[in-house]
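A.B. asks: next one to model:
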Amino acid sequence: MRAVVFERNDLNDLRLVELSRPKPGPHEVLIKVVESGVNPVDYYTVTSIRVKPIPHIPGAEFAGIVEEVGEHVTGFEPEDRVVVYGRVFDGTCDLCLASMEHLCRNGGIVGVVTNGGWAEYAVIPDRNLIKLPSDVNWDVAASLPVAALTSYHALRRAGLRPGETLVVFGASGNTGQFAVQLGKLMGARVIAVSSKGWVSELGADYVASLSNVREVVEKATGGRMADVVVDPLGERTWEASTSVLGRGGRWVTFGQLTGGEVKLRISQVYSSEAAIIGSTGGTRRELLELVNMMSRLRVKVDRYFNLNEARDALMRLFSSERNGRIMIKI
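C.D. replies: Down below sits the predicted model:
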């Protein structure tokens, strides 16, 4: 099979090779990968994260079709469409037993601590697979495990309720696209912060820029400001995103793409009873919930790449010209 591999943390070390097609173990499933979403975790996997095994196949977010099942697998059969839950978990630690597999004390991320999906085939534990409808939209399916799940889990962590005001920073990004859509599906009024006007097509009630977001939020809420703010960007947007949070509001983050060092005025937190919430990944149950609502989700794609263009795909990820998701068609 064809696969993208690297042995040292360097974009220039990425190469397309021929490998033997893997065989599934007793509780594993061999899937033919159809499509993979490209995310910052993939870039850092290649450039800086210590990975295993070596040589390593990256790719943390993907979906495909069942090719072969292990001898003890009963829930799947060839030709099933499936999405891969992207967390490695042992199922026995206290957090796994509390249905928080994404925080497993002995776990990690698929494509980081295991080989990932940038290959024609991948062997996956059967418990990491969720069936998809036969008429699956592969762009959406390949965006569920990271882009959609990260946003969905964050909104649930923040306790977003119908009728509340949600402000999404980075609304045109991988996770931002889904935070906007899921916020609407959860009954919120959504203000998308982006320089891309097309985010209104995702259902945003208002589109603001970084320079006028406070004014837009004040006007939209009659001065009450936001109930929930999603900000995965970090340093560059910290002041703006915390400034639009209302009394009793919840500010949630799952990233620091523009830097991780910020100044916090503690009085701003306690005087308004604001909550600052960290979030990462999501649970299998939440991924199943996303599969059940995927017909109501869409993806704005900037560009499709092939396996032999993996390096170009990663470079495009941080381009100022990017206008939507980067996807790899296998």
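A.B. asks: which of the residues in the helix or strand hosting G249 are buried?
C.D. replies: Applying DSSP states H and E as the criterion places G249 in strand 245-253. Buried residues in strand 245-253, counting neighbours by 16 or more other Cβ atoms under 10 Å, are found at 245-246, 249-253. Just so you know, the C-beta spots here come from the backbone N, C-alpha and C atoms, and that holds for glycine as well.
A.B. asks: now for that strand, which elements pack on it?
C.D. replies: Contact here means 3 or more Cβ pairs under 8 Å, 6 or more residues apart in numbering; DSSP states H and E; on that basis strand 245-253 packs against helix 149-157, strand 226-230, strand 275-278.
A.B. asks: these: which one's closest to D312?
C.D. replies: D312 lies closest to helix 149-157 among the helices and strands packed on strand 245-253, at 24.2 Å (Cβ to Cβ).
A.B. asks: pull the most distant pair out of the buried residues of strand 245-253.
C.D. replies: Farthest pair in the buried residues of strand 245-253, by Cβ to Cβ: G246 and T253, 17.3 Å.
A.B. asks: ok, back up a step: so what touches the strand holding G249?
C.D. replies: With Cβ atoms under 8 Å, 6 or more residues apart in numbering as the test, strand 245-253 has contacts from 154-155, 157-159, 165, 221, 224-232, 234, 241-242, 272-279.
A.B. asks: nearest to V136 among the buried residues of strand 245-253?
C.D. replies: Nearest to V136 among the buried residues of strand 245-253 is V252, at 29.3 Å by Cβ to Cβ.
A.B. asks: coming back round to it: ok, the strand holding G249: who's next to it in the sheet?
C.D. replies: strand 226-230 (parallel), strand 275-278 (parallel) (DSSP bridges).
A.B. asks: quick one: name whatever helix or strand follows the longest one.
C.D. replies: Meaning strand 226-230. Next along the chain after strand 226-230, taking DSSP H and E as the criterion, comes helix 235-243.
A.B. asks: check which helices and strands that next one is in contact with.
C.D. replies: For helix 235-243, the elements it packs on are strand 165-169, helix 213-221, judged by 3+ Cβ pairs under 8 Å, 6+ apart.
A.B. asks: 6 Å instead?
C.D. replies: The helices and strands touching helix 235-243, judged by 3 or more Cβ pairs under 6 Å, 6 or more residues apart in numbering; DSSP states H and E, number zero.
A.B. asks: hey, C-alpha coordinates of that helix in CSV?
C.D. replies: The C-alpha atoms that make up helix 235-243 are tabulated as CSV, following Å, rounded to 0.1, in the frame of the first residue of the first chain:
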residue,chain,number,x,y,z
GLU,A,235,-2.4,35.5,22.5
ARG,A,236,-3.5,37.6,19.6
THR,A,237,-7.3,37.4,20.4
TRP,A,238,-7.2,37.0,24.2
GLU,A,239,-7.9,40.7,25.0
ALA,A,240,-10.7,40.9,22.4
SER,A,241,-12.3,37.6,23.3
THR,A,242,-12.3,38.2,27.1
SER,A,243,-13.7,41.7,26.6
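A.B. asks: hmm, back to that, ranking the strands paired with strand 245-253 by burial, who's on top?
C.D. replies: Stretch with highest mean neighbour count among those: strand 226-230 (a mean of 28; mean count of other Cβ atoms under 10 Å).
A.B. asks: what would it look like as PDB? C-alpha coordinates only.
C.D. replies: Only the C-alpha atoms of strand 226-230 are listed here, as PDB (Å, rounded to 0.1, in the frame of the first residue of the first chain):
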ATOM      1  CA  ALA A 226     -21.700  37.000  25.300                       C
ATOM      2  CA  ASP A 227     -22.800  34.000  27.400                       C
ATOM      3  CA  VAL A 228     -20.100  31.700  25.800                       C
ATOM      4  CA  VAL A 229     -16.900  32.600  23.900                       C
ATOM      5  CA  VAL A 230     -14.900  30.100  22.000                       C
END
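A.B. asks: from the chain's centroid, how far away is it?
C.D. replies: 19 Å (Cα atoms, centre = their mean, to the nearest Å).
A.B. asks: what is the mean pLDDT for it?
C.D. replies: Taken as a whole, strand 226-230 has an average pLDDT of 98.
A.B. asks: again with stretch 52-59
C.D. replies: Stretch 52-59 shows a mean pLDDT of 97.
A.B. asks: any chance you could list what contacts it?
C.D. replies: Stretch 52-59 is contacted from outside by 3, 5-7, 36, 42, 45-46, 111, 113, 115-119, using Cβ atoms under 6 Å, 6 or more residues apart in numbering.
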